[in-house]
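> okay, here's the prediction I keep looking at, along with the sequence it came from:
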Amino acid sequence: MKLHLSSWPEVEAYLKTSRGIVIPIGSTEQHGPNGLIGTDALCPEIIAGEAADAAGFLVGPTFNVGMAQHHLDFPGSMTLRPSTMIAALQDWITSLVRTGFDRIYFLNGHGGNITTLNAAFCEFYAEYSLRGEACPVRLTQNNWWQLPGVMDVCKKHFPVGEGGHATPSEVSVTYYAYPEAIKSVEMHPKIAPSGRFADAADFRASFPDGRCGSDPAQASPEAGARIVEAARTALVRDVAAFFAS
Ligand code: NI
C-alpha cells in the first residue's frame, strides 16, 4: 500500500490495523559513469515497494534528496545541508505522528544520510525527554544492503569490484526496475580507487569518474532481481518485528 496512491479514508482504515509506516530515504547524486543519479533513492523505493505489496504495510513518499555535499562537483548532484535535512525530517516525522503513526521505519539507500538521520531522531526524542514525558513514538533506520542475507547475494554476484560507491549491486537494482535506463560504459581503470574524502573538490580529485572501489560495468538486471528478492524478504520480517515492538 502506497501513501501517495491512497485516499485519506483508506489511510484512516489502515491506522485501525497498524500505526506503522516505511519511508524510503536516499539521495540524488552522481553514481559513476553508468549509474543513475537517483540510485540511492530508487533502491530503497524499489525494495520497500515490493515488500509493501507482499506484506500489506504502508510506504510513504521517498525522501529523495539527502546529505551529499561531497558529490557536488558532478553535474546533477543535489544536497541538503545536515541542518536542513534534520529540519525537514522533523517536519516529516511530526506530520506522520500528528495523523496517528507511532512506528516510522526509514529504509536508507545512502551511507551519507546515516549520521544526519540519527541526529534527526535524537532531536525528535529530545523534545519529550526535555519535557519529562515518555515518547510513545519509535523511529528506526536500516540500510537496505545490511538487511540479513542481502550482502551474501551481492558478494555471490560480484565477488570482485563491489566497492563502496556506485557499486554493481546498487546499479543492478536500478537496472532491474528501469531496464530502459541501462547504460553501457567501459570503466578505466576497471576497478576504481578507494579512500577517504572531505569536500566536493577533494572527492572529485580522488575519484575522477565518481566511483569508489567499484566496477559497476558488471551490473545486470538479473543480479538486481536476485538482490531485490533477498532484500524484500528480509525487509518484510524486519518491518513486522519493528511495528510489533
Ligand atoms: Ni549509492
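Okay, I see it.
> nearest residue to residue 82 other than its sequence neighbours?
Among residues not flanking residue 82 along the chain, residue 116 sits closest, at 4.6 Å (Cβ to Cβ, 6 or more residues apart in numbering). In this view, the C-beta of every residue, glycine as well, is placed from N, C-alpha and C.
> I'd say that neighbour and residue 85 touch.
Yes: with contact defined as Cβ atoms under 8 Å, residue 116 counts as touching residue 85 (5.0 Å).
> residues in contact with the spatially most central residue of the chain?
Per Cα atoms, centre = their mean, the C-alpha nearest to the average position across the chain is that of residue 109, at 2.2 Å. By Cβ atoms under 8 Å, 6 or more residues apart in numbering, residue 109 lies in contact with 24-27, 39-45, 143-144, 170.
> now it, what are its backbone angles?
For residue 109, the backbone dihedrals are phi -120, psi 10 (criterion: degrees, to the nearest 10).
> could you measure from it over to the ion?
Residue 109 sits at a distance of 6 Å from the ion (criterion: Cβ to the ion, to the nearest Å).
> what's the burial count for the residue of the chain found nearest the ion?
Closest to the ion within the chain is residue 40: 4.2 Å, counting by Cβ to the ion. Residue 40 has 30 neighbouring residues, counting by other Cβ atoms under 10 Å.
> I'd like the distance between it and residue 181.
Look at residue 40 and residue 181: by Cβ to Cβ, to the nearest Å, they are 15 Å apart.
> skipping its backbone neighbours, what lies nearest residue 37 in space?
Nearest non-adjacent residue to residue 37 (Cβ to Cβ, 6+ apart): residue 76, at 4.6 Å.
> that older thread, and the residue nearest to residue 82, that's in a helix?
Yes: under DSSP: H, G, I helix; E, B strand; the rest coil, residue 116 sits within a helix.
> check contacts around it.
66-67, 82, 85-86, 89.
> restricted to helices, list the residues you listed.
Members of those lying in helices (criterion: DSSP state H): 82, 85-86, 89.
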